[in-house]
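# Just to be clear, the model below is a prediction. Sequence and coordinates:
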Amino acid sequence: MDAIITAGGTMKPKDPLFALTGVAKKALIPLAGQPMICWVIDALAQSPIIDHVIVVGLEPQDLNHLYPQLHFTKARGGIVDNVFAGLDYLQKISPHVKNFLLLSSDIPLITPDIVEGFVKECGSQEAEVYYTMVEEKTMERRFPASRRTYIPFKGGRYTGGDIFMVNVSSVRGNIELAKAATGARKNYLQQIRLIGWSFIIRFLLRRLTVHEAAIEVSAKANLDGRVVATQYAELGMDLDKPHQYEIIKAYLESRQSQTIRE
């Protein structure tokens, strides 16, 4: 299996993370001796199930990483455009790819075992898109100070993860829908038009489980999409705020110290 990492995000001087780290490219935030994205690359490179890794939005000279199947391609703009930039490159070097992993560069606590574990959680891999959600109790048990934002569903509250398993043919056939959904992230009226009032009402009344919600949204999108309620809190521990930077930095430094002792 192959993987695409989106790493095109840049921070402005007013961004608290920029003020804290002095780094404009978010993927290059230094953490425990190396850029943040390198922890993600390490997890993929050391996993026995991963072959090619495509980084979108950085240049080879930005990193000093020796993984022989690490490739770079330029960003094209928005999130969806960058995903397709990575997919175009991936299909050139791996023409028969069927499914691939899509990750953000800001989940540096993942490990090779977590990468393999997530793929196993996807089960048969027959769906077109698998999206990760982390239940509140799973996240709070692992990272009690994370202060994540949780979405209430029937049976529990969840936060989104930053890894997907995606079927190539399905994503190729839904480019315009993906762009519309991405553009509607902060426009609630547009979101309602995309998924419908009926869904919104039942969601607000907490009559839908997280899996039922995924099925309904997928049906609207003409996709077979499924939620993976993962056991790995690390997949939802993305670095967006200074306090998360401090938590993640401490965990990685502790992991390094333990490795040295062993």
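Received it, and whenever you're ready, just let me know what you need. Numbers count the residues shown, from 1 in each chain.
# how close does the residue nearest to residue 161 when sequence neighbours are not counted get to residue 228?
Closest residue in space to residue 161, ignoring its immediate chain neighbours: residue 132 at 2.9 Å, by CB to CB, 6 or more residues apart in numbering. To be clear about C-beta, it is placed using only N, CA and C from the backbone, and glycine gets the same treatment. In this view, residue 132 and residue 228 are 5 Å apart by CB to CB, to the nearest Å.
# Find the residues that touch each one of the two.
118, 161 (CB atoms under 8 Å, 6 or more residues apart in numbering).
# what sits against residue 15?
Shown in contact with residue 15 (CB under 8 Å, 6+ apart): no residues.
# Now it: phi and psi?
Torsion angles at residue 15 (phi, psi; degrees, to the nearest 10) stand at phi -70, psi 130.
# So for it, what's the pLDDT?
Residue 15 carries a pLDDT value of 95.
# Over to the one 5 residues further on?
Listed pLDDT for residue 20 reads 94.
# The one 3 residues further on now?
We have a pLDDT of 95 for residue 23.
# re the thing from before, dump the residue contacts of the residue nearest to residue 161.
Counting by CB under 8 Å, 6+ apart, residue 132 has contacts 118, 160, 161, 162, 163, 164, 227, 228, 230, 235, 236.
# Is it possible to get CSV of those residues that adds secondary structure and neighbour count?
Shown next, in CSV, are the contacts of residue 132 (DSSP: H, G, I helix; E, B strand; the rest coil; neighbours: other CB atoms under 10 Å):
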residue, secondary structure, neighbour count
118, helix, 24
160, strand, 16
161, strand, 26
162, strand, 20
163, strand, 25
164, strand, 21
227, strand, 24
228, strand, 25
230, coil, 23
235, helix, 27
236, helix, 26
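# any idea which of the residues you listed is closest to residue 9?
Set against residue 9, the nearest of the contacts of residue 132 by CB to CB is residue 162 (12.1 Å).
# Quick check, that closest one in contact with residue 238.
Yes. Residue 162 lies in contact with residue 238 (CB atoms under 8 Å); the separation is 5.1 Å.
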